[in-house]
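[1] what follows is a predicted structure for the sequence shown.
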Amino acid sequence: MKKNNVFFIVTMWWFILCFIIGASIICFTPDIERISFDENRVLQNAPEISIKSIRSGEYAEQFESFLSDSIPGRKQLIKLSDRMLSWISVNNSDDLYYLDTTEKEVNEYFNQTVSESDISSGISEDIDKSGTDDSQLNEEEDACLWVNYKDGSVKILNKYPEKHMRHSAETLDLLASLLPDEGKLYFTTMSFPSNVRIFSNNIKTASGWESTLPEKMNALTSDKVECVDSYEILEPYILEGEDLFLHTNHQWNDHGAYYVFSSIIASQGLTPTPFDEYSYDVNRVNKSIYTDYYHLLYPLAPANNWRIHNIDKKEQLRFMNYHVGSTSSYLNGSQYPWKKVETGFHTGRNALVIGDCFTLAFTPFLLPYYDEVHATQLSKEYFNRVRLGTSVTDMIERNNITDIYYISSESGGVNTETLQFHIKKMLD
Amino acid sequence: MVFSSMTFLLLFLPVTILLYALRRNIKWKNGVLLIASLFFYAWGEPVYILLMLISTGINYLCALGIDRSGSAKNARKLWLFIGVTASMVFLIWFKYAAFMVNSFAGVFSLPYHMAEKKLPIGISFYTFQVLTYTVDVYRKKAAVQKNPARLLLYVSCFPQLIAGPIVQYADVAGMLDDRPFNSRRFSEGARRFAVGLSKKVILANLCGSAISHIDPADASTVVSFAGAWYVALMYTFQIYFDFSAYSDMAIGLGRLFGFDYKENFNYPYVSGSITEFWRRWHISLGSFFRDYVYIPLGGSRCSVRRTIFNMMVVWSLTGFWHGASWNFILWGMYYGLLLITERFVIGRERLNKLPYLLRAPAIFVLAVIGWVLFYHTDLSLAARQLCAMIGIGNHLQLVDPLTAAVVRKYSVLPLMALIAAMPVLPAVRKLADDNRVTRALSYVAATVLMLLSLVFLVGQSYNPFIYFRF
């Protein structure tokens, strides 16, 4: 008996320590909103007890989450758990990408598609995937973005070779083909603010800007794709001196996004909700030379009316994280492979917004028009099929997506491998 | 509630142990364990506790009826019939009714669809346990339990309530009246519990996590040759670690509270024959079907044809017990056919003459194939995966990028799983004498495993028990 006393005491202490932790959680966890910034979610507090919640099992679930979320040193324990997983070679970080595409594969793809299409014309040409350095512009086939000056001169801001448009149009058509008959894909890209300012900072000398990309892309794509000319939409506002782009980040602000949004919504025969009706807070960020005011939008009802999911972790995200004070405040920026917002509206339509940081200010405006608004960033660097658990095609079909909005900067635009190549692979 | 939950580990178990240890009186201990067990079951699904109470109550009365009928055979049979029927009605209604009705409607093209009922947790396990009581009393293998609380404790005792092992009443009847509670049993039980918990939290959950990335149960998943085998292998390990971990924890907790439950797993993947596999896998279920179905049907003491019939009935029922779906029935029949082939076509003697190193991998591969049937409730997806495993399929790739990524992500896991599925620990234990030093080391290891499990639990959201749904 004595020999076993040591082992008994050791094992008894396991349970005593467990109980101390459990009891401490119950007694000392403050009943205030606790936020895990790493996960961008509100941690579960002690659930309120009711007969209904007990009967449904909801109370038990919430209580379990409460204990898990309230473990002392939780953040450190999660890190330790991740580290131990990495010791046994389980890579638990987010650096695992389905699209482990090599340069060789990209070249093979381009060579194959070009040779197939060029056999008939007998033309063989080298493929420049970056596209932005094409020095020679074929005005008939290629597209271009330029600034017009009052003295009649022009400055070219971007060029879009025909072959890039063709590959991108194929991708957009593929995406649109996943939509129901009445569904539509809206596509628009926008230059980075550094490029935009070549126009907006010179409105005394500049008379406007133009892009032939939307027209050329509309010609290359099916009827289910509508390429929207954001440059044309924003031009009058820029000429009036309105600030539509952030100084401290690389995308349009909520006003810029709203003008494009309202134009698209109007083209659908719907009435755009007035900007003022989207209640918002204003956060000032960056106290250095430039100061931006982020309008944290949140559409027409308290944010907690929306359940926001990270498909991977199936947990509730905060729709807006006001502590972040930047564009990442919306659904934690781009850190999740797929985000879904159940809007609480009943329109019978579901939207998918594909894009980059330009979607952050754009997406909240869509919420009153759809039952669900999904968002994903299909760039090779951000999209993670393993975390998503399935293909983009499956997600579009499974979630009954009726409309797709491809809203992106030029970094996800026509001249990029993302639009020309990678998204096609993600659809497999 | 499940064992690998924070609620169980941080609150339920310590409080139960504390209360249990307060007094030596067996009535007190039984009372604490009974109340704890009912709370354990009701936590999360309070409504269905009534089913368990009713089922136990009816069988309690029926067993009393059997006992009071003395040698009146017909009366005894009648009470037995009532008890068995009452228990099975609940099981059939909640688990099988929708499947049966919809299959019937499908065969005759009837425009009717019955919605599936929510399955009360552990109904398959406690129904069988309560049946063994009534049947054991009928067979005079066990004395009637006149104290309904003790019978309810036998049925609801939380260590084995929701995922077994299926404890036969005769095996624990004595322990309900008196059982030891001492430091040795406590520490040994806790050590076994820690091993089970770590097996579940670390190995089973990681295997499950690897599979979840690929998910061949999703029709849109591209299945390659390597992907099909990888998922099948990882599921083979997951289901073993998951279920055997639960049994380890149940046996450990049982020992801690003074019960001696029989082993439920004995390294099944080292089996040299299918017969041996089933002597090592879910032993309590095999024993139940042997004692309460196979032998009453006549067992093998009859003609070959009748034996084959008996075996197919037993194995179809074994499959059906796991779930109301054709894939489970097929899975059971698959093993029935394998056992019949082994026994009547190949012959056990001839099989045993083959080198073990040839037999064991073959049996393992057969088990892996069996788990593919078990995994997919959609038979077309099972067929797709099995076809991919033998290289058949439209545009079948050898390796798809997703599988390659997952294999890279979990590169060491298959090796860890393979080693853990081998009887390494018993071999080490055999080499090192069971002395104080090795015992001390085992407790150090168990303490580390317990801590690791808690750390992993905090870091994990993926934590379901597969056998929870049976």
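    Cool, the structure landed.
[2] with just CA atoms, put the helix or strand of chain B with the lowest mean pLDDT into CSV.
    Every helix and strand of chain B was ranked by mean pLDDT, DSSP states H and E. The lowest is helix B:401-409, at a mean of 74. Output in CSV follows, covering the C-alpha atoms of helix B:401-409 (Å, rounded to 0.1, in the frame of the first residue of the first chain):
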residue,chain,number,x,y,z
PRO,B,401,-1.6,18.0,-55.2
LEU,B,402,-3.9,18.1,-52.2
THR,B,403,-2.8,14.6,-51.0
ALA,B,404,0.8,15.6,-51.6
ALA,B,405,0.3,18.7,-49.5
VAL,B,406,-1.4,16.8,-46.7
VAL,B,407,1.3,14.0,-46.7
ARG,B,408,3.9,16.7,-46.4
LYS,B,409,2.0,18.4,-43.6
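[3] I'd like to know how far A:Pro368 sits from A:Tyr278.
    A:Pro368 sits 9 Å away from A:Tyr278, going by Cβ to Cβ, to the nearest Å. Placement of C-beta: from N, CA and C, glycine included.
[4] show me where the stretch 201-350 of chain A has strands.
    A:206-211, A:225-227, A:280-285, A:292-297, A:307-310, A:315-316, A:339-342, A:350-355 (DSSP state E, counting those that start in this stretch).
[5] could you count how many residues lie near B:Arg429?
    For B:Arg429, the count of nearby residues is 13 (other Cβ atoms under 10 Å in any protein chain shown).
[6] which non-adjacent residue is nearest it?
    B:Thr438 (7.5 Å; Cβ to Cβ, 6 or more residues apart in numbering or on different chains).
[7] now swap in B:Gln397 and tell me
    Leaving aside its sequence neighbours, B:Gln397 sits nearest to B:Ser224 (Cβ to Cβ, 6+ apart; 4.1 Å).
[8] check which helix or strand the residue nearest to B:Arg429 maps to.
    B:Thr438 belongs to helix B:436-459 when elements are defined using DSSP states H and E.
[9] can you tell me how far the nearest residue to A:Ile32 once chain neighbours are set aside is from B:Leu451?
    Using Cβ to Cβ, 6+ apart and skipping the chain neighbours, the partner closest in space to A:Ile32 is A:Asn45 (7.8 Å). As judged by Cβ to Cβ, A:Asn45 and B:Leu451 stand 27 Å apart.
[10] between these two, who's got more neighbours?
    When neighbours are counted by other Cβ under 10 Å, A:Asn45 and B:Leu451 differ, and A:Asn45 comes out ahead with 17 against 14.
[11] list the contacts of the more buried one.
    By Cβ atoms under 8 Å, 6 or more residues apart in numbering or on different chains, the contact list for A:Asn45 reads A:Thr29, A:Asp31, A:Ile32, A:Glu33, A:Arg34, A:Phe66.
[12] what about the closest residue to chain B within the stretch 251-400 of chain A, which SS state?
    Chain B sits closest to A:Asp394 of the stretch 251-400 of chain A, with a gap of 4.0 Å, by Cβ to the nearest Cβ. Here A:Asp394 is recorded as helix under DSSP: H, G, I helix; E, B strand; the rest coil.
[13] do the one 10 residues further on as well
    Secondary structure assignment for A:Ile404 (three-state DSSP): strand.
[14] and B:Leu34, how far from B:Gly44?
    B:Leu34 is 19 Å from B:Gly44, where distance means Cβ to Cβ.
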